[in-house]
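Participant: Here you go, sequence then predicted model.
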Amino acid sequence: MKKGQIRAIAICIFRKNDLILVSEGFDELKQEYYYRPIGGGIEYGETSSNALKREVLEEIGANITNEKFLGAFENIFTYNGDLGHEIVFVYDADFVDKSFYDKPSFLGWEDNGVPFKLYWKPISDFKNEKIVLVPEELLTLL
């Protein structure tokens, strides 16, 4: 994210019973793990829905179906001491390839080639604040 700019992103809630699919991150300054749904930036001239499909395909090689828009909100946060500002479009969707639901965890790839791990985590762990979900406003949409 460029400093001083607002970034528009689309993220997706994939559900498996009472679990959601999230990637794990770590804030070095806060010394805290956090979890975030898959998704990413919306390019100029691209709809949030098309950005979501593209990001999921790029990051984990999966096609999605049954996309449902859940809402949008503004997210102002700090990460590793830097201020971030996003407009977040949130969707719910299903994987076309149902084998993604059978994997307890798997790898995804950032656009810079860096791998990240995805896990199915219980929604209750986020609501009970056992683990941190970002953006925090997502809890209201689960």
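Facilitator: Now that the structure is in, tell me what you want to look at.

Participant: what stretches of this protein score poorly on pLDDT?
Facilitator: 1-2 (pLDDT under 70).

Participant: And the helices in it?
Facilitator: Using DSSP state H, the helices of the chain run over residues 48-60, 123-127.

Participant: What lies in contact with the shortest one?
Facilitator: This means helix 123-127. 18-20, 35, 131-133, 139, 142 (Cβ atoms under 8 Å, 6 or more residues apart in numbering). All C-beta spots, glycine's among them, are computed from the backbone N, C-alpha and C.

Participant: what does the first one give?
Facilitator: Counting by Cβ under 8 Å, 6+ apart, helix 48-60 makes contact with 8-12, 38-43, 46, 62-64, 67, 69, 72, 89, 91, 93, 100, 106-111, 118, all of which sit outside it.

Participant: Based on its surroundings, how many neighbours for the closest residue to residue 26 other than its chain neighbours?
Facilitator: The shortest distance from residue 26 to any non-neighbouring residue, by Cβ to Cβ, 6 or more residues apart in numbering, is to residue 33 (5.4 Å). Neighbour count of residue 33, defined by other Cβ atoms under 10 Å: 11.
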